[in-house]
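J.: here are the coordinates; sequence isn't available:
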């Protein structure tokens, strides 16, 4: 696993894209602070840039580096869930502009997957993660379902955990407002 993480970090630092296992499904990743890398992900997915992407962090303690004001309810939500949860926070900062939604919000998931945690910790920055499929096509639930259109065009495909299935669906998504109100976007 360590060699795979080192290779991923090398690719991410050079502005490249990776295909990696996450705590949900396989994802296309890049440096979430690098606009050119984020642009590559949109191109690979054939996705409009008006549709924002999810960012992965290894530790909730790092949220304040990327979100200006974290509503108190976020901490309660993070403590109470035992399944992958993506929270959309208002007032994003220190991230590539093209990874942030038009309303200045950002979707962030704190990962529990060992590979992802170690990768993000080693890289030292958040990474983008979006399902490993062309927009509009079904999300692949296992590595073997990822199309060559994706595997042939990322800069690095992780060899680790290709036969493992972590979850059978993407994460739940909850959008928070500054006043603490929230809305469930995806169950």
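T.: Nice, thanks for sending it over. These numbers come from a predicted model, not from an experiment.
J.: The closest residue in space to residue 136 that isn't next to it in sequence: how many residues sit nearby?
T.: Nearest non-adjacent residue to residue 136, counting by Cβ to Cβ, 6 or more residues apart in numbering: residue 46, 8.0 Å away. (Glycine included, C-beta is placed from N, CA and C.) A count of nearby residues for residue 46, using other Cβ atoms under 10 Å, gives 12.
J.: cool, residue 110 as well?
T.: 22.
J.: Pull out the buried residues from the lowest-mean-pLDDT helix or strand in the chain.
T.: Across the helices and strands of the chain, mean confidence by mean pLDDT, DSSP states H and E is lowest for strand 182-186: a mean of 83. Neighbour-count burial for strand 182-186 flags residue 182 (criterion: 16 or more other Cβ atoms under 10 Å).
J.: Now do that strand: everything it contacts.
T.: 73, 77, 88, 170, 171, 172, 173, 174, 175, 176 (Cβ atoms under 8 Å, 6 or more residues apart in numbering).
J.: Swap in 10 Å and give it another go.
T.: The contact list for strand 182-186 (Cβ atoms under 10 Å, 6 or more residues apart in numbering) reads 71, 73-74, 77, 86-88, 107, 169-177.
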